[in-house]
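In: would you be able to build a 3D model of this:
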Amino acid sequence: RRPRDLRQEGRGPGPPARWILSLLEKNPGPEPSLCALCRSIPLSLRRRSKVMAKKTTKKAAKSNELDGKEFFAAVTLIEKEKGIPRHYMLEKITQALVSAYKRDHEGVTDNVFVEANEITETVRMYVKKEIVEEVTNPATEIALAEARKSLPSAQSGDVVRIEIKPRNFGRIAAQTARQVIIQGMREAEHSMIYDMFSSKEHEMLVGTVTRVDPRNGAVTLRITSDGESTDAYLSPSEQVRGEVAHEGDRLKVYVVEVRRSSRGPQILISRTHPGLVKRLFELEVPEIYDGTVEIRSIAREAGSRSKLAVWSADENVDPIGACVGPKGARVNNVVAELGSEKIDIIKYSDDPAQYVAAALSPADVLSVLPLEGSKSCRVVVPDDQLSLAIGKEGQNARLAAKLTGYKIDIKSASAAHEWEEEDALAEAERAAQAEEADDEDVFAEEPADGKDTLPDDKAPTAEEPAEDSTEEAPTEEAPAEEAPAEEAPEAPEA
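Out: Predicted coordinates:
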């Protein structure tokens with residue numbers, strides 16, 4: 001390196017460089033060539049520089065040795081910071097050292113192993129080789145003469161352990177070991193996150209908005225649970241219609257599913273799932289959380305309206321009043337979280353008629369007739385309540401059908417007689433079809449001439465004439481007599 005470059009870098013020059021600097025200071029003229037400067041260095045300074053270079057190389061070589069204390073201290077630090085178990089990291093590092101050695105030495109099988117002693121804090125790597133007279137595979141065999149240099153009592157057929165120095169690994173082998181360790185740490189972190197959030201399926205979590213996609217409005221949330229954090233993707237289809245999120249907002253989301261993937265665990269979250277309404281009521285209503293009041297069914301159209309069917313085994317507890325709260329405080333907190341979504345709370349009943357009538361609230365119901373053999377019913381409402389029972393664009397009837405699981409047919413009181421007419425017509429059609437089927441059966445059983453017919457296996461064939469030829473003769477000549485009748489239409493043409 002040129003002395004002036006060394007001075008610019010702020011590095012202290014060695015003895016040869018100081019000699020060159022002194023020459024430059026004594027001769028302020030044009031700078032001589034580098035070769036001329038190097039030739040002017042005295043021999044004593046050159047030797048001193050070589051000795052210092054050897055000492056530096058030995059120190060560097062010694063620092064490349066695998067220090068057991070530093071190794072175990074690093075493993076302990078990783079366990080403390082990332083929570084990765086100590087035995088898992090030792091296994092991955094052992095695997096990385098073996099992979100690095102195999103990368104540099106072809107033909108190596110399972111004869112390489114690593115001994116990590118936590119008590120003495122030492123890490124040693126060995127390769128097993130069999131002593132043979134003639135070596136055919138250097139990766140697994142060693143010559144007898146070479147083995148006796150270090151072990152004079154060695155015999156042919158013995159297996160010796162040869163220690164391997166990790167500092168002798170090449171650059172590619174070291175990179176391979178590094179990649180194996182990093183990959184092992186990633187897998188451990190992903191496994192920990194998956195185990196943590198898989199237990200949170202069908203639960204409600206709070207996340208912080210970290211990014212909002214300006215193109216489609218998709219939101220990325222940072223979700224934290226029990227010290228573990230991960231990113232979750234809230235797609236536009238799982239967002240409440242009309243809801244706008246900004247960076248830094250805190251949103252309550254429902255965890256639908258947790259999946260494994262090559263990039264780590266994927267958490268599917270939603271703001272439109274009916275389970276979010278259930279978890280919000282559990283958070284606001286203590287009676288639901290402790291099981292005194294049960295939510296039997298939920299039907300939801302996110303951003304518009306939801307219906308809940310609640311029930312309590314305790315006769316002294318009003319399930320609807322418990323959910324509404326004093327002055328509607330409990331249900332208003334849920335409505336505020338859902339963006340002013342309307343919520344109807346009804347009482348569950350085992351009687352389908354009462355259950356369907358309550359599900360159609362706020363409309364009044366005159367009668368409910370469940371149909372046998374199918375989960376459907378007919379509902380009669382007052383004339384002025386028909387539009388209220390159906391709802392805007394059929395929303396009320398649709399939510400009631402989802403809530404109860406019944407197919408609901410609604411008519412006003414003045415149009416209820418149409419069902420009777422439809423039933424009468426359907427009954428008449430069924431009776432007519434039954435009569436036609438009976439006539440066809442009778443026609444198939446009785447022949448047209450009223451005589452008994454022979455079975456198919458006893459009927460005479462063309463090759464086997466019937467025994468009573470006198471009776472069958474007229475029937476065989478009948479076509480011959482009818483022949484002129486067939487030629488009758490040809491007469492006018494002649």
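
In: show the low-confidence segments of this protein, by residue range.
Out: Counting by pLDDT under 70, the chain contains low-confidence ranges at 1-68, 107, 166-168, 170, 439, 441-494.

In: go again with 50.
Out: Applying pLDDT under 50 to the chain flags the ranges 1, 6, 9-10, 49, 51-65, 448, 450-494.

In: name the element Glu315 belongs to?
Out: For Glu315, there is no enclosing helix or strand under DSSP states H and E.

In: wait, Gly373
Out: Using DSSP H and E, Gly373 falls within no helix or strand.

In: now do it against Ala389, distance only.
Out: 25 Å (CB to CB, to the nearest Å). C-beta here means a position set from N, CA and C on the backbone, and glycine is covered the same way.

In: same question, Val368
Out: 11 Å.

In: pick out whichever of Gly373 and Ala389 has more residues nearby.
Out: More crowded of Gly373 and Ala389, by other CB atoms under 10 Å: Ala389, with 23 against 5.

In: quick one, what contacts the more buried one?
Out: Counting by CB atoms under 8 Å, 6 or more residues apart in numbering, Ala389 touches 360, 363, 365, 379, 381, 396-397, 410.

In: let me see the ranges of the helices in the stretch 201-350 of the chain.
Out: 274-284, 286-289, 319-324, 329-337 (DSSP state H, counting those that start in this stretch).

In: once you drop chain neighbours, what's closest to the residue nearest the centre of the chain?
Out: Centroid-nearest residue in the chain: Arg259, 2.6 Å away (criterion: CA atoms, centre = their mean). Excluding its sequence neighbours, the residue lying closest to Arg259 (CB to CB, 6 or more residues apart in numbering) is Gln266, at 4.6 Å.

In: cool, Ser349 as well?
Out: Excluding its sequence neighbours, the residue lying closest to Ser349 (CB to CB, 6+ apart) is Tyr355, at 4.6 Å.

In: quick check: Ile142 is in a helix.
Out: No: remark: Ile142 does not belong to a helix; assigned using DSSP: H, G, I helix; E, B strand; the rest coil, it is strand.

In: that one contacts Glu133, doesn't it?
Out: No: assessed by CB atoms under 8 Å, Ile142 is found out of contact with Glu133, at 10.9 Å.

In: ok so, going back, specify the stretch among the helices of the stretch 201-350 of the chain that is closest to Glu301.
Out: Among the helices of the stretch 201-350 of the chain, the nearest to Glu301 by CB to CB is helix 274-284 (9.9 Å).

In: what's the angle between that closest one and helix 329-337?
Out: With axes from the mean of the first three to the mean of the last three CA atoms, to 10 degrees defining the directions, helix 274-284 sits at 140 degrees from helix 329-337.

In: now the host helix or strand of Ile193: buried residues?
Out: Ile193 is part of helix 171-198, with elements assigned from DSSP H and E. Judged by neighbour count (16 or more other CB atoms under 10 Å), helix 171-198 contains these buried residues: 173-174, 176-177, 180-181, 184-185, 188-190, 192-194, 196-197.

In: okay, helices next: where are they in the stretch 351-494 of the chain?
Out: Taking DSSP H, counting those that start in this stretch as the criterion, the stretch 351-494 of the chain contains helices spanning 352-359, 386-390, 395-404, 417-445, 469-481, 483-487, 490-493.

In: do the stretch 1-150 of the chain as well
Out: Per DSSP H, counting those that start in this stretch, the stretch 1-150 of the chain carries helices over the ranges 3-9, 15-26, 34-39, 43-63, 68-82, 86-104, 144-150.

In: which helices and strands does the fifth one pack with?
Out: Here helix 68-82 touches helix 86-104, strand 122-132, helix 171-198, going by 3 or more CB pairs under 8 Å, 6 or more residues apart in numbering; DSSP states H and E.

In: identify whichever of those lies nearest to Met204.
Out: Using CB to CB, these put helix 171-198 closest to Met204, at 12.9 Å.

In: helices or strands next to the closest one in the packing?
Out: So helix 171-198, by 3+ CB pairs under 8 Å, 6+ apart, packs with helix 68-82, helix 86-104, strand 219-225, strand 228-234, strand 250-259.

In: could I get the ones you listed in CSV, plus columns for distance to Val112?
Out: Formatted as CSV, these follow (distance: least, CB to CB, whole Å):
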stretch, distance to Val112
helix 68-82, 18
helix 86-104, 5
strand 219-225, 41
strand 228-234, 36
strand 250-259, 37
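
In: just to revisit the earlier point, need the contacts of Ala389 in TSV (columns: distance to Cys323 and neighbour count).
Out: Formatted as TSV, the contacts of Ala389 follow (distance: CB to CB, whole Å; neighbours: other CB atoms under 10 Å):
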residue	distance to Cys323	neighbour count
Leu360	19	29
Ala363	21	21
Val365	22	20
Val379	25	24
Val381	26	24
Asn396	19	23
Ala397	23	19
Ile410	26	21
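
In: would JSON lines of those residues with distance to Tyr254 be doable?
Out: Compiled in JSON lines, the contacts of Ala389 are given as follows (distance: CB to CB, whole Å):
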{"residue": "Leu360", "distance to Tyr254": "27"}
{"residue": "Ala363", "distance to Tyr254": "30"}
{"residue": "Val365", "distance to Tyr254": "33"}
{"residue": "Val379", "distance to Tyr254": "32"}
{"residue": "Val381", "distance to Tyr254": "35"}
{"residue": "Asn396", "distance to Tyr254": "25"}
{"residue": "Ala397", "distance to Tyr254": "26"}
{"residue": "Ile410", "distance to Tyr254": "32"}
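
In: just the ones of those in strands?
Out: Among these, the ones falling in strands (DSSP state E) are 379, 381, 410.

In: ok, the last one - contacts?
Out: The one in question is Ile410. Going by CB under 8 Å, 6+ apart, the list of residues near Ile410 reads 360, 379, 381, 386, 389-390, 397.

In: do the first one as well
Out: By CB under 8 Å, 6+ apart, the contact set of Val379 is 356-357, 360, 365, 367-369, 389, 408-411.

In: against Tyr355, how distant is it?
Out: According to CB to CB, Val379 stands 12 Å off from Tyr355.
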